[in-house]
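Visitor: pasting the structure only:
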């Protein structure tokens with residue numbers, strides 16, 4: 001096991017919070033603001049001649065640029081970014097629970113329907129905020145949405161996000177996670193904010209039923225399903241789910257963008273209607 005670094009930049013390293021394909025996330029402390037932070041360090045060395053190394057670095061700088069421009073209670077905050085020993089790092093808001101929505105996507109760990117609707121409402125509003133500022137996430141999936149100790153949500157990992165009028169080279173091509181990507185992503189069409197609405201619909205489908213809209217399969221088969229087949233309804237897989245909620249999720253998963261929700265706010269309003277008295281009208285106002 002590699003030795004834990006004492007510091008990264010000005011930040012004291014306390015522990016390893018998580019690991020992934022793109023890098024390591026450390027739990028750290030910011031001595032200037034006296035707060036806990038999460039520090040994601042890119043898993044490349046100084047040699048970036050390989051395509052993977054260049055892609056990882058591009059994703060890190062893209063995340064710092066796009067997410068750093070956003071300020072929403074349900075989007076993971078970016079505080080700082082830099083390089084240490086030729087490895088880029090991002091300093092982020094620390095979420096102590098360390099849990100993501102993936103922890104609640106199996107049939108034996110499903111959340112209450114009411115809580116899933118609340119999560120969907122908050123995520124749809126946060127995405128609407130990002131979209132109105134020209135940012136399309138492109139990789140909404142359960143592992144990129146964290147659940148805090150007080151049951152709030154934080155959308156993170158904007159590494160492959162698109163930003164309107166960006167002055168930097170952005171990640172292009174088929175990107176995203178196949179189980180949650182929209183049909184237009186799979187067919188490499190030009191994307192708009194509705195691709196995130198589809199992906200959020202797929203996440204909520206899995207939170208409600210314990211399985212994604214289309215089951216894991218070889219990529220060519222999965223893309224065929226995305227483009228040509230209709231997933232089962234939520235209510236057919238979870239009988240307790242209200243038919244109205246099943247209809248809302250099905251609309252988010254429409255293959256034809258003309259039939260899908262146009263904005264995150266529109267999706268959020270429909271989820272709030274399902275929830276009945278959970279939300280007040282003031283919570284539906286635009287930011």
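Guide: Perfect, thanks for sending it. Bear in mind that the values here come from a model prediction, so they are computed numbers and not experimental data.

Visitor: Mind giving me the packing neighbours of the worst-scoring helix or strand of the chain on mean pLDDT?
Guide: When the helices and strands of the chain are scored by mean pLDDT, DSSP states H and E, helix 51-67 comes last with a mean of 74. The elements that helix 51-67 packs onto, with contact taken as 3 or more Cβ pairs under 8 Å, 6 or more residues apart in numbering; DSSP states H and E, are strand 35-42, strand 78-84, strand 87-93. All C-beta atoms are positioned from the backbone trio N, CA, C, and that covers glycine.

Visitor: relative orientation of that helix and strand 78-84 in degrees?
Guide: 150 degrees (axes from the mean of the first three to the mean of the last three Cα atoms, to 10 degrees).

Visitor: what residues go with each domain of this structure?
Guide: 7-93, 99-284 (automatic domain parsing).

Visitor: would you list those domains in a markdown table and tack on mean neighbour count?
Guide: Shown next, in a markdown table, are the domains of the chain (neighbours: other Cβ atoms under 10 Å):
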| stretch | mean neighbour count |
| --- | --- |
| domain 7-93 | 17 |
| domain 99-284 | 18 |
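
Visitor: ok, of those domains, where does mean pLDDT dip lowest?
Guide: Here the domains of the chain differ in mean pLDDT, and the lowest is domain 7-93 at a mean of 84.

Visitor: re the thing from before, how about the helices and strands packed on helix 51-67, which one is nearest residue 190?
Guide: strand 78-84 (26.9 Å; Cβ to Cβ).

Visitor: wouldn't residue 216 be in contact with residue 222 here?
Guide: Yes: between residue 216 and residue 222 there is a contact under Cβ atoms under 8 Å: 7.5 Å.

Visitor: residues shared between the contacts of those two?
Guide: Common contact partners of residue 216 and residue 222 (Cβ atoms under 8 Å, 6 or more residues apart in numbering): residue 179.

Visitor: re the thing from before, turn the helices and strands packed on helix 51-67 into CSV, including distance to residue 112.
Guide: Listed next are those as CSV, based on distance: least, Cβ to Cβ, whole Å:
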stretch, distance to residue 112
strand 35-42, 28
strand 78-84, 31
strand 87-93, 26
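
Visitor: Relative to residue 194, which of the ones you listed is closest?
Guide: So among these, strand 78-84 is nearest, using Cβ to Cβ, at 25.0 Å.

Visitor: Now find how far off-centre the helix or strand in which residue 265 is found is within its chain.
Guide: If you go by DSSP states H and E, residue 265 is part of helix 264-275. On the basis of Cα atoms, centre = their mean, to the nearest Å, helix 264-275 sits 19 Å off its chain's mean C-alpha point.

Visitor: for stretch 25-35, same thing?
Guide: Going by Cα atoms, centre = their mean, where stretch 25-35 is centred and where its chain is centred differ by 23 Å.

Visitor: and what of stretch 28-43?
Guide: With Cα atoms, centre = their mean, you get 21 Å for stretch 28-43.

Visitor: Which residue ranges of the protein form helices?
Guide: 51-67, 113-131, 183-186, 194-209, 219-228, 234-237, 243-252, 264-275 (DSSP state H).

Visitor: Touching, residue 63 and residue 144? I think so.
Guide: No: counting by Cβ under 8 Å, residue 63 stays clear of residue 144, with 11.0 Å between them.

Visitor: thinking again about what came up before, for the helices and strands packed on helix 51-67, which one sits closest to residue 187?
Guide: strand 35-42 (30.5 Å).

Visitor: Packing partners of the closest one?
Guide: strand 11-19, strand 23-30, helix 51-67, strand 87-93.

Visitor: Name the strands paired with it and say parallel or antiparallel.
Guide: strand 23-30 (antiparallel), strand 87-93 (antiparallel) (DSSP bridges).

Visitor: relative orientation of that strand and strand 11-19 in degrees?
Guide: Using the same axes, to 10 degrees: strand 35-42 against strand 11-19 is 60 degrees.

Visitor: From residue 262, how far out is residue 78?
Guide: For residue 78, the distance to residue 262 equals 28 Å [Cβ to Cβ, to the nearest Å].

Visitor: same deal with residue 76?
Guide: Residue 76 is 26 Å from residue 262, by Cβ to Cβ.

Visitor: do residue 138 as well
Guide: Going from residue 138 to residue 262 by Cβ to Cβ gives 18 Å.

Visitor: All good on my end, thank you.
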